[in-house]
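A.B. asks: Any chance you could fold what I've pasted below:
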Amino acid sequence: MAKAIRIFKIGGPEVMEYVDVEVGEPGPGEARVRQHACGLNYIDVYFRTGLYPQPMPAGLGMEGAGVVEAVGPDVTHVKPGDRVAYAGRPTGAYAEVRVMPAAILVRVPDGISLDSAAAMMLQGMTVQYLFRRTFPLRGGETILFHAAAGGVGLIACQWAKALGVTMIGTVGSDQKGELAKAHGCTHVINYNTENFVERVKEITGGAGVPVVYDSIGVDTFFKSLDCLSPLGMMVSYGSASGPVPPFTLNELASRGSLFVTRPTLFTHTAKRDDLEAMAADLFAMVESGKINIEINQRYALADAAQAHRDLEARKTTGSTILIP
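C.D. replies: Take a look at the predicted model:
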């Protein structure tokens, strides 16, 4: 038996239960991983609340790192004893040990700790596909990035600086603004005290930005469209404040023939070759020192409910991990 977090109904943090689970042998295409750490991400809240439906009872968590204990038939890219990390479905990362699809596992380089690997995979590869694939940045652009002091945001600050990109980041407090600046964000806007549309126009001399990266959702979506220059792209990759309501295409036409996309990490990593290339790019950025993974909160796995409360209350910065 092993300990894990399970939910038997959707709801608030209180629906998470710390229970004993049976962990069997891996079947074809599977691996059993003893986890060193699990990552905490806002997508976990979406599954817990039912915004992203899943059959009950269910696990939570989509990111972790540990050591392979056993592999099933036809698994050749990892073996027992390998240090591995992952970000992907199915849910169930909040566990001491789990049997899972081996296809989403990647080997962790010796120079990267398992704590860092658990904290970086989902957030780091999110920045990778946002900056390299969704709206490729080549350097010299000015961009708007919401939640700049969060886990994805602090990685984005550093990656943007490494690319020579001017990043405008929104934050919820002056303290978070200082944190984002310390990580390479060029301009910060406290959305609780400033109008971020006006500030973006001021910073860009009225031109707007070619791209907005937005994980907030309903609270920022339409104002973000107002920050774009003609032919700009709105990248909506999360819904922390709630899902974006339906809107007419005239909203895009009237603001200058805008583009909008709703990408997911799991589409970008669906092919093994893409997953390995994206992970290698992320690992290289970390090993080069251009990106430092900030683990600012650690909780025991048994305290996952409190971790969710703090995440939803905007009390966390950088990355958070759960320790089994």
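A.B. asks: can you tell me the helix or strand for Ala280?
C.D. replies: Per DSSP states H and E, Ala280 falls inside helix 272-287.
A.B. asks: Neighbouring strands - and their directions - for the helix or strand that Thr320 is a member of?
C.D. replies: Secondary-structure assignment from DSSP H and E places Thr320 in strand 319-323. As defined by DSSP bridges, the strand partners of strand 319-323 come to strand 30-39 (antiparallel), strand 295-300 (parallel).
A.B. asks: for the longest one, what is the average pLDDT?
C.D. replies: Meaning strand 30-39. Strand 30-39 shows a mean pLDDT of 96.
A.B. asks: likewise stretch 117-128?
C.D. replies: In this model, stretch 117-128 has an average pLDDT of 94.
A.B. asks: same check, this time on stretch 6-15
C.D. replies: The average pLDDT within stretch 6-15 is 96.
A.B. asks: for it, which positions count as buried?
C.D. replies: Buried positions in stretch 6-15, judged by neighbour count with 16 or more other Cβ atoms under 10 Å: 6-7, 10, 13, 15. All C-beta spots, glycine's among them, are computed from the backbone N, C-alpha and C.
A.B. asks: Among those, find me the one that's closest to Gly140.
C.D. replies: Nearest to Gly140 out of the buried residues of stretch 6-15 is Pro13 (Cβ to Cβ; 43.1 Å).
A.B. asks: Next up, the contacts around Pro80.
C.D. replies: For Pro80, the contacting residues are 68-71, by Cβ atoms under 8 Å, 6 or more residues apart in numbering.
A.B. asks: Show me how to select, in ChimeraX, the buried members of the residues you listed.
C.D. replies: A single ChimeraX command is used to select the members of these judged buried by 16+ other Cβ under 10 Å:
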select :68,69,71
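A.B. asks: As CSV, the contacts of Pro80 with secondary structure would be great.
C.D. replies: Listed next are those as CSV, based on DSSP: H, G, I helix; E, B strand; the rest coil:
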residue, secondary structure
Val68, strand
Glu69, strand
Ala70, strand
Val71, strand
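A.B. asks: returning to what we had before: which one among the buried residues of stretch 6-15 gets closest to Gln297?
C.D. replies: When those are ranked by distance to Gln297 (Cβ to Cβ), Pro13 comes first, at 14.9 Å.
A.B. asks: What residues does the closest one make contact with?
C.D. replies: By Cβ under 8 Å, 6+ apart, the contact list for Pro13 reads 48, 304-306, 308-309, 312.
A.B. asks: which residues touch the strand holding Thr320?
C.D. replies: The contact list for strand 319-323 (Cβ under 8 Å, 6+ apart) reads 37-40, 61, 94, 115, 118-120, 123, 151, 154, 293-301, 303-304, 307, 310-311.
A.B. asks: Just the CA coordinates for that strand, please, in CSV.
C.D. replies: Extracted in CSV, the C-alpha atoms of strand 319-323 (Å, rounded to 0.1, in the frame of the first residue of the first chain):
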residue,chain,number,x,y,z
SER,A,319,6.8,26.9,-7.9
THR,A,320,5.3,24.7,-5.2
ILE,A,321,6.0,21.1,-4.6
LEU,A,322,4.4,18.4,-2.4
ILE,A,323,6.7,16.0,-0.7
